[in-house]
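**Q** here's my sequence, what's the structure:
(one chain, ligands or ions: 1)
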Amino acid sequence: MASEIDLSQFWCWNEECPDYGKQDHGNIVIKQRYGKDNRALLKCRTCKGYFSETRGTVFFGLDTPRKEVLRTLSMIPEKGSIRGVARATGHDKDTISKWLEIAGTHCEEVTKYFLQDLNLTRVEVDEIWEFIKKNKKT
Ligand SMILES: [Zn+2]
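**A** Coordinates of the predicted model:
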């Protein structure tokens, strides 16, 4: 595992915390490392809450910023197909399919992103999931 982690990529997961969801806010510090993978236990200095570095890492390692990935995925119900979204955004069809795949395996987290990053409503998010599920079957 990498020993250096970019703390600006993390945020507090405690919904009661005043700094909940704020990225690169300076409130997140490394508390300790644990396990054979040497994972970091992170701490929020604001609410004193702890969480693992694996939280919120769904879209790490992609070349595209998370918000852009989310924005692209959120267009799918409107455009009606991956091909349509690819045309509208300029992203490769296969790339979008890969993002869908990732999103589909981390529903809970990705739902949070949709609500938090894009300010979508629950109904809009449900529509996106509907499409993702349908898309998987066909
Ligand atoms: Zn906090």
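**Q** can you list the residues of the chain near the ion?
**A** 12, 14, 17, 44, 46-47, 49 (C-beta under 5 Å from the ion). All C-beta atoms are positioned from the backbone trio N, CA, C, and that covers glycine.
**Q** and these, which is the shakiest by pLDDT?
**A** The member of the residues of the chain next to the ion with the lowest pLDDT is residue 14, and it reads 84.
**Q** still on that earlier bit, mind listing which of the residues of the chain next to the ion are in strands?
**A** Of these, the ones assigned to strands by DSSP state E are residue 44.
**Q** mind checking how far residue 128 is from the ion?
**A** Using C-beta to the ion, to the nearest Å, residue 128 is found at 28 Å from the ion.
**Q** my read: that residue touches residue 75, true?
**A** No - counting by C-beta atoms under 8 Å, residue 75 is not a contact partner of residue 128; they are 9.1 Å apart.
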